[in-house]
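Asks: predicted model follows, preceded by the sequence.
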Amino acid sequence: MARWGLIVEQNMGYGKGQIWSVEVLGHVDGTRQEALDVLRARAERYEPHHPANPERRELYQEAEGFLLVVKGFWRTFHCRFRVAEQLYDSHPPEPPAAASPEPPPEPPQAARKQRRRTAERKPPRRAPEPEPGPPPVWDADVPQVPSWLGRDDLS
């Protein structure tokens, strides 16, 4: 089964520092048409980097994917969405872990014993309270009671 990359190309950066950037939005395992259907749904709700406050959005279908034209206050920007078959990946994702087999059902006698043990359990004991230790050692230069405490002449 083919693995298709969902790709968006758009302008990144501001002013003269703008560059044309490529990002892989995700992958679809299946047919090219299935990948195009997923890509269309993504393109319809995609929020491009530019413009910050779009006034109008138009989505067009091309032979290779979709073109999103977004009119901003000062100028119009566009994004291209394409599907491309993935041929190689130097860091493929790990396959999902196999589900551990379920333990065999307990025989009826063991289930009854387990229920009895559960019923006989007592509530857990609380941990003993820690014994009070020696009072904290204070720095000799710092008074325990501030000198201004209780003075009537401060108002």
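Replies: Cool, got the structure.

Asks: need the next SSE after the strand or helix carrying residue 8, C-terminal direction.
Replies: Using DSSP states H and E, residue 8 sits within strand 3-12. On the C-terminal side of strand 3-12, the nearest following helix or strand under DSSP H and E is strand 19-29.

Asks: and that next one, what does it pack against?
Replies: strand 3-12, helix 32-45 (3 or more CB pairs under 8 Å, 6 or more residues apart in numbering; DSSP states H and E). C-beta coordinates here come from the backbone N, C-alpha and C atoms, glycine included.

Asks: and it, which strands flank it?
Replies: Next to strand 19-29 in the sheet, as set by DSSP bridges, lie strand 3-12 (antiparallel).

Asks: give me the residues contacting the partner strand.
Replies: 18-30, 32, 34-35, 38-39, 42-43, 46, 48-50, 65, 77-86 (CB atoms under 8 Å, 6 or more residues apart in numbering).

Asks: buried sites along that strand?
Replies: 4, 5, 6, 7, 8, 10 (16 or more other CB atoms under 10 Å).

Asks: okay if I get these as CSV plus pLDDT and distance to residue 154?
Replies: Formatted as CSV, the buried residues of strand 3-12 follow (pLDDT from 0 to 100; distance: CB to CB, whole Å):
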residue, pLDDT, distance to residue 154
4, 94, 77
5, 94, 73
6, 95, 71
7, 95, 71
8, 94, 67
10, 90, 65
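
Asks: what's the closest of those residues to residue 126?
Replies: For those, the minimum distance to residue 126 (CB to CB) is 55.8 Å, reached by residue 6.

Asks: residues in contact with residue 49?
Replies: Per CB under 8 Å, 6+ apart, neighbours of residue 49: 10, 11, 12.

Asks: who does residue 9 form a beta bridge with?
Replies: residue 22, residue 80.
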